[in-house]
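Trainee: got a sequence here, can you model it:
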Amino acid sequence: MIIDGSNTLPEFQFESFLDNNTKNEEYSKLFAPRWAQLAGWSKKEFIKKLEVDSFESVMEEIFSTLKISLSMENFLKMLRESNVAYHAIHNMDYGRDGSELPVDHDYIAEILNNYPNRFIGFAGYNPHKGTESLKIVRKALTEQGYKAVVLPPYEHGIKADDRRYYPLYSLCDELDIPVWIHSSINYYRETSVYIDHPSNLEAPLTDFKNLKIIAGHGGWPWIPDMIAMLLKYKNLYVDTSAFRPNYIATPNTGWDMFMYYANNLLQDKIIFGSDWLTLGIPINDFIKEVEDWPLKDSVREKFYWKNASQLFKLSL
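Mentor: Numbering: from 1, shown residues only. Modelled structure (predicted):
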């Protein structure tokens, strides 16, 4: 059994990149070949398409194909066949414009209601939208079945220890709700690569004694700093989503220290997360690569579902 703590819905993953602004362009070019592969195209076919049509039109064709192959029915079938008991839905609230309305949380709430005990809703908070965003997050957590909150500091242009996040941290501390925070490299050229450094989690962990934080994407390339934080703070957890498992298990990629400590001192702090939709790897193939990790059986069980079940109060 597996609980995937870092993911979204296919429609969210691909629709967000059809809005090809200057920020999304970097991510689109990085992940486009992988999405083409997920759609059944070879690398050669993808390159040939780009020689004839614009990048935007090729991406639209890819996403149109994926919209069919990853319909909700097919999507749920893939999860069942891969023994994924719960799948995260990160409902991010992107942007740095405080005049925009908070992201809608009703649509995901409807999905959580229609497919009980299948998804974990992560409510998106945006500090630039202040009280209005906080109200929507509170409703999501107390009335609509969401079990966590998700934050992308690189998208908001501020670090995780910025005081504008503190009203949200206070709410999660009060409700005993975990917060997933992007804590790894970002590829936005106009945004500092260090904005998501794991050390930015230290102040909120210190200031809110009961606040539980999941460091999303493992802290790479700052793995030693991430390990130090995990060893020190009892309420800090980590996932390794958005990286190929084969890459993580390969020596000299920067993950060596993580793989070593995962089997012992960090075994109660590690959470399975994939972001397989972003990577363009079918979830079953992703899991096969994780199976090659040198984890003890007891640790693998904690990593796959036990730690997450306790953190999200799933009672499995």
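
Trainee: for the stretch 51-200 of the chain, what spans make up the helices?
Mentor: 55-69, 72-81, 106-114, 130-142, 153-156, 166-175 (DSSP state H, counting those that start in this stretch).

Trainee: now those in CSV, with mean neighbour count and mean pLDDT?
Mentor: Quick note: C-beta positions are derived from backbone N, CA and C, even for glycine. Formatted as CSV, the helices of the stretch 51-200 of the chain follow (neighbours: other Cβ atoms under 10 Å; pLDDT from 0 to 100):
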stretch, mean neighbour count, mean pLDDT
helix 55-69, 16, 84
helix 72-81, 13, 95
helix 106-114, 15, 98
helix 130-142, 18, 98
helix 153-156, 22, 96
helix 166-175, 18, 98
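
Trainee: out of the ones you listed, flag the one nearest Asn284.
Mentor: Closest approach to Asn284 among these (Cβ to Cβ): helix 72-81, 6.6 Å.

Trainee: pipe the helices of the stretch 51-200 of the chain into CSV and attach distance to Ile120 per row.
Mentor: Shown next, in CSV, are those (distance: least, Cβ to Cβ, whole Å):
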stretch, distance to Ile120
helix 55-69, 22
helix 72-81, 12
helix 106-114, 9
helix 130-142, 12
helix 153-156, 21
helix 166-175, 15
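
Trainee: wait, which of these is closest to Glu190?
Mentor: Among the helices of the stretch 51-200 of the chain, if distance is taken as Cβ to Cβ, the winner is helix 153-156, at 10.3 Å.

Trainee: for burial, what's the neighbour tally of the nearest residue to Asp97 once chain neighbours are set aside?
Mentor: Nearest non-adjacent residue to Asp97, counting by Cβ to Cβ, 6 or more residues apart in numbering: His128, 6.6 Å away. Number of residues near His128 (other Cβ atoms under 10 Å) recorded here: 17.

Trainee: from what I see, His128 and Pro102 are in contact.
Mentor: No - applying Cβ atoms under 8 Å, one finds His128 not in contact with Pro102, separated by 10.0 Å.

Trainee: what's stretch 97-114 in contact with?
Mentor: 9, 89, 91-94, 119, 121, 123-124, 126, 128-130, 132-133, 136-137, 139-140, 144-146 (Cβ atoms under 8 Å, 6 or more residues apart in numbering).

Trainee: in the chain, what helix or strand scores lowest on average pLDDT?
Mentor: Across the helices and strands of the chain, mean pLDDT, DSSP states H and E gives its lowest value to helix 22-38, namely a mean of 71.

Trainee: what's the closest of the helices of the stretch 51-200 of the chain to Leu314?
Mentor: Per Cβ to Cβ, nearest to Leu314 of the helices of the stretch 51-200 of the chain: helix 106-114, 13.1 Å.

Trainee: run the chain-centre distance for that closest one.
Mentor: A distance of 19 Å separates the centroid of the chain from that of helix 106-114, by Cα atoms, centre = their mean, to the nearest Å.

Trainee: buried sites along stretch 273-284?
Mentor: Judged by neighbour count using 16 or more other Cβ atoms under 10 Å, the buried positions of stretch 273-284 are Gly273, Ser274, Asp275, Trp276, Leu277, Thr278, Leu279, Gly280, Ile281, Pro282, Ile283.

Trainee: between those residues, which is nearest Trp41?
Mentor: Looking across the buried residues of stretch 273-284 and measuring by Cβ to Cβ, the closest to Trp41 is Gly280, at 10.5 Å.

Trainee: please name the nearest non-neighbouring residue to the closest one.
Mentor: Arg34 (2.8 Å).

Trainee: so what's the residue count around the one you found?
Mentor: Arg34 has 17 nearby residues by other Cβ under 10 Å.

Trainee: pop out the phi and psi values for the closest residue to Gly121 other than its chain neighbours.
Mentor: Leaving aside its sequence neighbours, Gly121 sits nearest to Tyr146 (Cβ to Cβ, 6+ apart; 3.7 Å). Backbone geometry at Tyr146, expressed as degrees, to the nearest 10, gives phi -70, psi 150.

Trainee: got it, and Arg96?
Mentor: Here is the backbone geometry of Arg96 (degrees, to the nearest 10): phi -120, psi 20.

Trainee: pretty sure it contacts Pro153?
Mentor: No - contact criterion Cβ under 8 Å: Arg96 and Pro153 do not qualify, at 11.1 Å.

Trainee: ok, back up a step: for Met226, which of the helices of the stretch 51-200 of the chain is the nearest?
Mentor: Using Cβ to Cβ, those put helix 153-156 closest to Met226, at 15.2 Å.
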